[in-house]
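[1] Any chance you can model this:
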Amino acid sequence: MAEAQAAPKGNKKLIVIIIAVVAVLLLLTAGAAAFLLTRSADHGDDGGAETHETGKKKKAEKDADHPPIFEKLQQFTVNLNSPDEDAMLQTDIVVEMSDAKSQERIKAQMPKIQSQVNQLLRSKSPQDVRAVDGMTKLGAEIRKLINQALGAEGDEEGVLSVNFTTFIVQ
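    Next comes the predicted model:
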């Protein structure tokens, strides 16, 4: 008789476990379906119109083609432009290149580029480079200057970013 009572308890546990497993599987399936639906909606056809999102996709695809290419410029130590005080800037600059061809062009133009960057840095005052957004503005100016020397057209050619690995103002 004890065996007859034990069997229904075992069956109840088994049924509860099966229901729990089915519920978890349904939740996982629903989550996967929702993920796939939202993912396909994000990558849907835009009707052929060129959009900002399409540009991002192209850039992401381009980035996936090759790892980032960096080129280190020679260390710069310059006197800053200040009639009131003696101030000096020492910085190391590493630029991110759009492709290997741009990297070869920057190597070929390196003396000219370093001279122009040196002149640009010397034209800055200590207040210019110590300002909160001073490095950001200076990086944008250096990028523009180098891209002009390389003959790069557009934001996706030549130098993509200017990175200051050291930046000391004294």
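[2] C-alpha only now, for contacts and for neighbours.
    Fine.
[3] the bottom helix or strand of the protein by mean pLDDT?
    Using mean pLDDT, DSSP states H and E, the weakest-scoring helix or strand in the chain turns out to be helix 52-65, at a mean of 54.
[4] And the following helix or strand past that one, how far out from the chain middle?
    Downstream of helix 52-65, the next assigned helix or strand under DSSP states H and E is strand 69-72. Centroid displacement of strand 69-72 relative to its chain, using Cα atoms, centre = their mean, to the nearest Å, is 15 Å.
[5] Next SSE downstream of strand 69-72?
    Taking DSSP H and E, what comes next after strand 69-72 is strand 76-79.
[6] Can I get that next one in PDB? Just the C-alpha atoms.
    Output in PDB follows, covering the C-alpha atoms of strand 76-79 (Å, rounded to 0.1, in the frame of the first residue of the first chain):
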ATOM      1  CA  PHE A  76      57.100  67.000 -30.400                       C
ATOM      2  CA  THR A  77      58.600  69.400 -27.900                       C
ATOM      3  CA  VAL A  78      57.800  73.000 -28.700                       C
ATOM      4  CA  ASN A  79      57.700  76.400 -27.100                       C
END
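[7] Can you spell out which helices and strands pack onto that strand?
    strand 88-97, helix 110-122 (3 or more Cα pairs under 8 Å, 6 or more residues apart in numbering; DSSP states H and E).
[8] again, only using 6 Å
    strand 88-97 (3 or more Cα pairs under 6 Å, 6 or more residues apart in numbering; DSSP states H and E).
[9] The strand it packs on: which residues count as buried?
    Neighbour-count burial for strand 88-97, counted by 16 or more other Cα atoms under 10 Å, picks out Met88, Leu89, Thr91, Asp92, Ile93, Val94, Val95, Glu96, Met97.
[10] cool, stretch 99-114 as well?
    For stretch 99-114, by 16+ other Cα under 10 Å, it's Asp99, Ser102, Gln103, Ile106, Met110, Ile113, Gln114.
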